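Asks: only geometry, no sequence info:
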């Protein structure tokens, strides 16, 4: 690729990706946020905490650190709720790996996760929405967390107070980015599936289109589960928690399969090895999880390490292999000035970069922030990586389609040069032979011979002979306009083929050709040193018993020679 092409590709990609990031950041900013009422606020400070035998006063909820917590520990947060004029106030908070009990003035008003914990199932995350009832006077609020996993709970999420409508609005308007990205993936999956089915019904099967649709569906599911959207709108917490981890653990396999479908010959041994790894680990994780040995959450760190190792192994080989393919492609006749593979590699690299940044962010802030805490915490960096990957994948498919169309055009042009008679523009002998091998009954063949061509060549030279041939070819194309093939098989020999011919079509067209020849000789031919004349014979496939085309050809040829004998008599 020349420097101008490189600069162009870099500019296109930069503008595309920067625009998408700016648009998404604007979508997630406060520009589109509805300001809540004065009754809506965060119950942040002023909590009294009972943790084991220790008691803490005036605690800020999100700053309370219990890094060394173990399964079975209980932490209780208590504070008073000031009087409010709201008719149906509620609180909303997120919990992870905890059984949650909420008390109002010592009376249990909400409980989550206890039955699952007693059955031995793990308790993952939950957006708890608790209606407080009448709060016209001061009340004591207690939230108790029973920790269900060792060393997983380090901090607690903020508690927000307001009407149920305000709390729901707050969640969704601070989840705009995730809903947009996840919705984009689902719509993209639907469009690709429809496109793939349409191509399949048209007789063309492109596995990469269906694989891209499956990958997009997987990305949409992960986006909606990782960003808590499905948890918030449904009570199927166990299902969506399993979907979150399954989609996460299957993503490397899905991306690898997609890359294999587009570039199966690049780093083949590495791809096979990674395929085995990326199939094995989700299976092992699932067996451990559903058998009750180790739940999905405990494999996240190990999975992140495996993913980092895979990228170190595969990415250099991928770039090297694509570089070799690009050099071969650049030297081919179908090269159109850019390489679609550049966009595929860029998308893959961006996905890995944003994935790494999200992993870093997750491990530093995973337990003490949720939606709306601040602008930084609301931005899920993986959303950008996933979206950029799909945008680059879309551009890759678009440019690949252009390359394929260009390749088809070049192929047609080359075939045209190989099978076209340069003098007349008719099909040449090679094409006529190839066509005759593939034809099936019923068909008809017409053999024609241009009379006295040798005499014209000998008397007036080959330039006049060529002029005579071209004049006859023009008349031939007019007379046999609806034929399936019109070709020049030799110096003065021509052939016409009809597939599924109408009765009498051959003789009708021969008679019409004779009429055109007579008109030519009376008009344009007056100024020429020659007059056009021809001999013709035809045969239908139903006149012969054999299936071989050559027998019909011989029959038509013999009839042509009988007519030629009368012309030379």
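Replies: The structure has been received and is ready for your questions. What you see is a predicted model, and the numbers here were worked out from it, not measured in a lab.
Asks: for stretch 125-145, measure first residue to last.
Replies: 13 Å (CA to CA, to the nearest Å).
Asks: what is the mean pLDDT for it?
Replies: If you average the pLDDT over stretch 125-145, you get 91.
Asks: now it: how far from the chain's centre is it?
Replies: Taking CA atoms, centre = their mean, to the nearest Å, the mean C-alpha location of stretch 125-145 is offset from the chain mean by 46 Å.
Asks: wasn't residue 77 part of a helix?
Replies: No - going by DSSP: H, G, I helix; E, B strand; the rest coil, the assignment for residue 77 is strand, not a helix.
Asks: that one against residue 140, yeah?
Replies: No - at 11.3 Å, residue 77 does not count as touching residue 140 under the criterion of CB atoms under 8 Å. All C-beta spots, glycine's among them, are computed from the backbone N, C-alpha and C.
Asks: neighbour count for the two, which is higher?
Replies: residue 77 (22 against 13; other CB atoms under 10 Å).
Asks: where do the strands sit along the stretch 151-300 of the chain?
Replies: 159-163 (DSSP state E, counting those that start in this stretch).
Asks: show me where it dips below the pLDDT cut-off.
Replies: Within the stretch 151-300 of the chain, the set of residues satisfying pLDDT under 70 is empty.
Asks: if you set the cut-off to 80 instead, what comes out?
Replies: Applying pLDDT under 80 to the stretch 151-300 of the chain picks out residues 177, 199, 202-206, 208, 258, 261-265.
Asks: any idea how this protein splits into domains?
Replies: 42-172, 176-414, 429-568 (automatic domain parsing).
Asks: of those, which is nearest residue 421?
Replies: The minimum distance between residue 421 and the domains of the chain falls on domain 429-568, with 4.6 Å, by CB to CB.
Asks: just the strands in the protein please.
Replies: 41-43, 47-51, 54-59, 74-81, 89-96, 98-104, 107-112, 125-131, 139-147, 159-163, 443-450, 485-488, 493-499, 534-540 (DSSP state E).
Asks: okay if I get those strands as JSON lines plus distance to residue 290?
Replies: What follows is these, written out as JSON lines (distance: least, CB to CB, whole Å):
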{"stretch": "strand 41-43", "distance to residue 290": "38"}
{"stretch": "strand 47-51", "distance to residue 290": "33"}
{"stretch": "strand 54-59", "distance to residue 290": "38"}
{"stretch": "strand 74-81", "distance to residue 290": "28"}
{"stretch": "strand 89-96", "distance to residue 290": "20"}
{"stretch": "strand 98-104", "distance to residue 290": "21"}
{"stretch": "strand 107-112", "distance to residue 290": "22"}
{"stretch": "strand 125-131", "distance to residue 290": "19"}
{"stretch": "strand 139-147", "distance to residue 290": "23"}
{"stretch": "strand 159-163", "distance to residue 290": "33"}
{"stretch": "strand 443-450", "distance to residue 290": "64"}
{"stretch": "strand 485-488", "distance to residue 290": "65"}
{"stretch": "strand 493-499", "distance to residue 290": "61"}
{"stretch": "strand 534-540", "distance to residue 290": "71"}
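Asks: how about these, which one is nearest residue 322?
Replies: The nearest among the strands of the chain, by CB to CB, is strand 125-131 at 39.4 Å.
Asks: mind listing what the residue nearest the centre of the chain touches?
Replies: The chain has residue 212 as the residue nearest its centroid, 3.5 Å off, counting by CA atoms, centre = their mean. By CB atoms under 8 Å, 6 or more residues apart in numbering, the residues touching residue 212 are 192, 258, 393, 397.
Asks: what distance do you get for residue 252 to residue 240?
Replies: Taking CB to CB, to the nearest Å as the criterion, residue 252 is separated from residue 240 by 21 Å.
Asks: tell me which of the domains of the chain sits nearest to residue 15.
Replies: domain 176-414 (11.8 Å).
Asks: stretch 498-510: end-to-end distance?
Replies: End residues of stretch 498-510 are separated by 13 Å (CA to CA).
Asks: same thing with stretch 61-74?
Replies: 15 Å.
Asks: from here on, count from 233
Replies: From this message on, residue numbering opens at 233, which makes the last subject stretch 293-306.
Asks: who touches residue 764 in this structure?
Replies: Counted by CB under 8 Å, 6+ apart, residue 764 has contacts 682, 700, 703-704, 707, 749, 752-753, 757.
Asks: can I get those in a markdown table with neighbour count and distance to residue 586?
Replies: Output for the contacts of residue 764, formatted as a markdown table (neighbours: other CB atoms under 10 Å; distance: CB to CB, whole Å):
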| residue | neighbour count | distance to residue 586 |
| --- | --- | --- |
| 682 | 24 | 72 |
| 700 | 25 | 72 |
| 703 | 20 | 69 |
| 704 | 25 | 69 |
| 707 | 19 | 68 |
| 749 | 20 | 74 |
| 752 | 18 | 73 |
| 753 | 16 | 78 |
| 757 | 17 | 76 |
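Asks: how far out from the middle of the chain is stretch 377-391?
Replies: Taking mean C-alpha positions (CA atoms, centre = their mean), stretch 377-391 and its chain are 39 Å apart.
Asks: try stretch 620-635
Replies: 8 Å.
Asks: could you do stretch 436-449 as well?
Replies: 6 Å.
Asks: next: stretch 509-518.
Replies: 24 Å.
Asks: and it, what's buried?
Replies: Buried residues in stretch 509-518, counted by 16 or more other CB atoms under 10 Å: 509-510, 513-514, 517.
Asks: need those residues in CSV (columns: distance to residue 789).
Replies: Shown next, in CSV, are the buried residues of stretch 509-518 (distance: CB to CB, whole Å):
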residue, distance to residue 789
509, 67
510, 65
513, 71
514, 69
517, 74
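Asks: which among those gets closest to residue 770?
Replies: After measuring the buried residues of stretch 509-518 against residue 770 - CB to CB - the closest member comes out as residue 510, at 64.8 Å.
Asks: from residue 479, how far out is the residue lying closest to residue 511 once chain neighbours are set aside?
Replies: Leaving aside its sequence neighbours, residue 511 sits nearest to residue 485 (CB to CB, 6 or more residues apart in numbering; 6.2 Å). Applying CB to CB, the value for residue 485 to residue 479 is 11 Å.
Asks: kindly report the same for residue 334.
Replies: 31 Å.
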